[in-house]
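Chemist: quick one, what's the 3D model for this:
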Amino acid sequence: MGTETASRRFRGIDAWEDAEILDALLESQLAAVASVRPALPALAAAAADAAPRLRRGGRLVYAGAGTSGRVAAQDGSELFPTFGHPQDKLAYLIAGGATALSRPVENAEDDAGAGQSEAAALRLGPDDVVIGIAASGGTPYTRAVLQEAARAGALTIAVASNPGAPIFGDAAHAVLLATGEEPIAGSTRLKAGTAQKVALNLFSTLVMTRLGHVYDGLMVDMQPTNAKLNDRSVRMLRAIVPVDEAAARAALQAAGQNVKLAALVALGDSAEDGRRRLDAAGGDLRRALAAKQGS
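Modeler: Coordinates of the predicted model:
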């Protein structure tokens, strides 16, 4: 496997000067980011299949082991605060459980039985989306999760860094991030991990955009949990609707701090009417504003 092969480029790295090491490591990180570009069509196809299922109430399930599991959990944990994606519509299957997020759990990634049983316990269905991440593409735990998810009829997506990885045969969508040899052989927290983070960022942001959580590059379903974010809500609302700060704050208060609803309230809807309009538009603010202007 490419991820396990020692790179000639980094032979003798421990004898290099600090600046030389850092420059070479940065070079490898840039290459990792570049490796995502060929995967864009696969990511787009996976997102196009995922969004309708999640819109119908399905769950987005992240599965992985070691570095891949931690990268997956990081991506998923950002979806509620950033996009307001319901927390009960997210799930994580990490080899070794929550403990493995901060320290290694011996043999957890090799436990296919645990992957199968933990996936089965979620009672997956056709509207659920399971994305399995494994740099090597052969992790037994993650493969077992995807296999069980497929048996349950869930949409399955596999992300790996080695061409021809076995995990690609377990999923409906295969996303190859061909990062190749690592600067430190087998240390997939470097190139493979970087590419995984970028790919998951792209995938989840595209899906959240298609679910109506983004308008004009603004995170309009953000959860305002502190003063800084409350101020951001005011700025977002004023960028959408031409109102002064006092009117923006009043609309947000009437809308329960929901920016999308506040935009309709600021344009004259009651909170109840605005909710109905948003519901009719599937939560899409652009469609709701168009309906408001046409009424």
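Chemist: buried stuff in stretch 227-245?
Modeler: Residues 232-234, 236-238, 240-241, 243 are the ones in stretch 227-245 that count as buried (16 or more other C-beta atoms under 10 Å). Yep, even glycine has a C-beta here, placed from its N, CA and C like the rest.
Chemist: how about residues contacting it?
Modeler: 215-216, 218-220, 222-224, 248-249, 251-252, 257, 259, 262-263, 266-267, 285 (C-beta atoms under 8 Å, 6 or more residues apart in numbering).
Chemist: can you list the low-confidence ranges for this protein?
Modeler: 1, 3-5, 295 (pLDDT under 70).
Chemist: do you have the strands of it handy? List them.
Modeler: Assigned by DSSP state E, the strands in the chain fall at 60-64, 90-94, 129-133, 155-160, 173-176.
Chemist: got a markdown table for these, with distance to Ala24 and mean neighbour count too?
Modeler: Listed next are these as a markdown table, based on distance: least, C-beta to C-beta, whole Å; neighbours: other C-beta atoms under 10 Å:
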| stretch | distance to Ala24 | mean neighbour count |
| --- | --- | --- |
| strand 60-64 | 27 | 27 |
| strand 90-94 | 31 | 21 |
| strand 129-133 | 26 | 30 |
| strand 155-160 | 25 | 29 |
| strand 173-176 | 24 | 22 |
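Chemist: in a markdown table, list those strands along with distance to Ala46.
Modeler: Listed next are the strands of the chain as a markdown table, based on distance: least, C-beta to C-beta, whole Å:
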| stretch | distance to Ala46 |
| --- | --- |
| strand 60-64 | 11 |
| strand 90-94 | 17 |
| strand 129-133 | 8 |
| strand 155-160 | 5 |
| strand 173-176 | 4 |
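Chemist: of those strands, which is nearest Ala39?
Modeler: Nearest to Ala39, of all those, is strand 173-176, at 5.2 Å by C-beta to C-beta.
Chemist: who does that closest one pair up with?
Modeler: strand 155-160 (parallel) (DSSP bridges).
Chemist: so how far is the partner strand off the chain centroid?
Modeler: Strand 155-160 sits 13 Å away from the centroid of its parent chain (C-alpha atoms, centre = their mean, to the nearest Å).
Chemist: closest to Leu155 among the buried residues of stretch 227-245?
Modeler: Met236 (31.6 Å).
Chemist: which residues touch the residue lying closest to Thr205 once chain neighbours are set aside?
Modeler: Spatially, and ignoring its direct neighbours in sequence, Thr205 is nearest to Val214 (7.8 Å; C-beta to C-beta, 6 or more residues apart in numbering). When contacts are counted by C-beta under 8 Å, 6+ apart, Val214 touches 83, 205, 208, 220.
Chemist: cool, and Arg123?
Modeler: By C-beta under 8 Å, 6+ apart, Arg123 lies in contact with Ala152.
Chemist: residue contacts, the residue nearest to Tyr215 when sequence neighbours are not counted?
Modeler: Nearest residue to Tyr215, sequence neighbours excluded (C-beta to C-beta, 6+ apart): Leu285, at 4.6 Å. With contact set as C-beta under 8 Å, 6+ apart, Leu285 has these partners: 212, 215, 220, 240, 260, 263, 278.
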